[in-house]
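S.K.: Provide a 3D model corresponding to the input given below.
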Amino acid sequence: MQSGRLFEILYILLERGGATVGELAGQLEVSERTIRRDIDALSAAGVPVYAARGRRGGVRLLDGFVLSKSLLSAREQDEILYALQSLRATGAEQGGALLTRLSALFRRDTVDWIDADFSDWGDTGERRALFEQLKAAILERRVLSFDYFGQNGQAARRTAEPVKLRFKGISWYLQAWCRERQAFRTFKLSRMEHVAVLDEHFAPHAAPPSLDGTGTVSVPTTRIVVRFSPAVAFRVYDEFERARIQPQPDGSLLVRTEWPVGAWGAGYLLSYGAQAEILHPPALRRHVFEEAKKIAALYQNADAPCPVCGSTMEPSKPKG
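M.R.: Coordinates of the predicted model:
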């Protein structure tokens, strides 16, 4: 327990620049006598800690003190290396130079334990390059300029002060102060194009709103009940929480869950084709029915030549 408390004292002194014995005792919930013994233990270990008198008095560290690797336990060193490897996997730490240097400093072998790729299948590197741009802009507080495609498919040039990257559901978002709207806005990365990091810097912002339903990307939902065919069980178990799925005696799967209202929610259920039947609510069932009729109307002349290339769909010939 003492080693953990000594480390806490060091963190407090490094972060604040100094603290009184009473403040340390209160935060760590020990007596002032215990804190004085801890200070003596730190000094005996070679940490340049001293007590100062006067208005800015208290316990302080000598200027220029750097935390020694010897003060980190083996587990803490591993956690640092694992965290760096996680950053490298997401593309936030490029090249792995820092990971290599710290591994050598700690004299520990790195374990290649994680890999993450947030790009789409077939992506040629544009998504990782965008991550690198956004990371640099956030850390350096530099203004971004980009084209943003709204839900109507129209693009508008935006200028924004980026604050945070967030992952929600199945998508990445950038939270930034939009200069056109004079408010925080949440931009979906897949809708951003022609991104440029400008030379202009901006002042720090307060934390942006959350994305938990009370923030800027709140989506209205409704309760749905859907019966899925056993043929798409692999998708159902991939895309819905296990607690929402009820296997039925005939092999079908009944799903009860909250679902986004609007065209996206209906379109996603349509992607299951005839393998999914919406049982509730009636309004969504009717909406999908009307969409299915429109789709069927498009293919009434399915055997007609393609109006673009002129080709026809040749029936497949049986083998043998």
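S.K.: how close does residue 258 sit to residue 170?
M.R.: To residue 170, residue 258 is 16 Å away according to Cβ to Cβ, to the nearest Å. C-betas here are computed from N, CA, C, even on glycine.
S.K.: how about the strands of the chain, start to end?
M.R.: Assigned strands in the chain, in chain order: 49-52, 58-61, 142-149, 155-168, 171-178, 183-188, 192-201, 221-228, 245-247, 253-260, 276-280 (criterion: DSSP state E).
S.K.: Show me which of residue 258 and residue 170 is the more surrounded one.
M.R.: Per other Cβ atoms under 10 Å, whichever of residue 258 and residue 170 has more neighbours is residue 258, with 12 against 6.
S.K.: Residue 142 reaches residue 135, doesn't it?
M.R.: No - counting by Cβ atoms under 8 Å, residue 142 stays clear of residue 135, with 11.0 Å between them.
S.K.: low-confidence ranges in this structure?
M.R.: For the chain, the stretches with pLDDT under 70 are 1-4, 53-57, 64-74, 79, 81-124, 151, 212-219, 312-320.
S.K.: in it, which spans are helices?
M.R.: 2-16, 21-28, 32-44, 74-90, 97-106, 126-140, 233-239, 263-270, 282-298 (DSSP state H).
S.K.: So which elements touch the last one?
M.R.: I take that to be helix 282-298. helix 263-270, strand 276-280 (3 or more Cβ pairs under 8 Å, 6 or more residues apart in numbering; DSSP states H and E).
S.K.: now do 6 Å
M.R.: strand 276-280 (3 or more Cβ pairs under 6 Å, 6 or more residues apart in numbering; DSSP states H and E).
S.K.: What strands flank the strand it packs on, and is each parallel or antiparallel?
M.R.: Strand 276-280 has its sheet partners listed here by DSSP bridges as strand 221-228 (antiparallel).
S.K.: What residues of the partner strand count as buried?
M.R.: Within strand 221-228, the residues that qualify as buried by neighbour count (16 or more other Cβ atoms under 10 Å) are 224-228.
S.K.: now stretch 125-138
M.R.: Of the residues in stretch 125-138, those buried (16+ other Cβ under 10 Å) are 127-128, 130-131, 133-135, 137-138.
S.K.: With stretch 271-279 instead?
M.R.: Applying 16+ other Cβ under 10 Å to stretch 271-279 flags 272, 275-276, 278 as buried.
S.K.: would a markdown table of those residues with distance to residue 190 be doable?
M.R.: A markdown table is the format used below for the buried residues of stretch 271-279 (distance: Cβ to Cβ, whole Å):
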| residue | distance to residue 190 |
| --- | --- |
| 272 | 22 |
| 275 | 27 |
| 276 | 25 |
| 278 | 27 |
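S.K.: Between all of those residues, which two are separated the most?
M.R.: Using Cβ to Cβ, the buried residues of stretch 271-279 span at most 12.0 Å, a distance reached by 275 and 278.
S.K.: Can you give me the neighbour number for the nearest residue to residue 237 once chain neighbours are set aside?
M.R.: Excluding the flanking residues, the one nearest residue 237 by Cβ to Cβ, 6 or more residues apart in numbering is residue 245, at 6.8 Å. Residue 245 has 16 neighbouring residues, counting by other Cβ under 10 Å.
S.K.: Am I right that residue 245 is in contact with residue 252?
M.R.: No - Residue 245 is beyond contact range of residue 252, at 10.7 Å (criterion: Cβ atoms under 6 Å).
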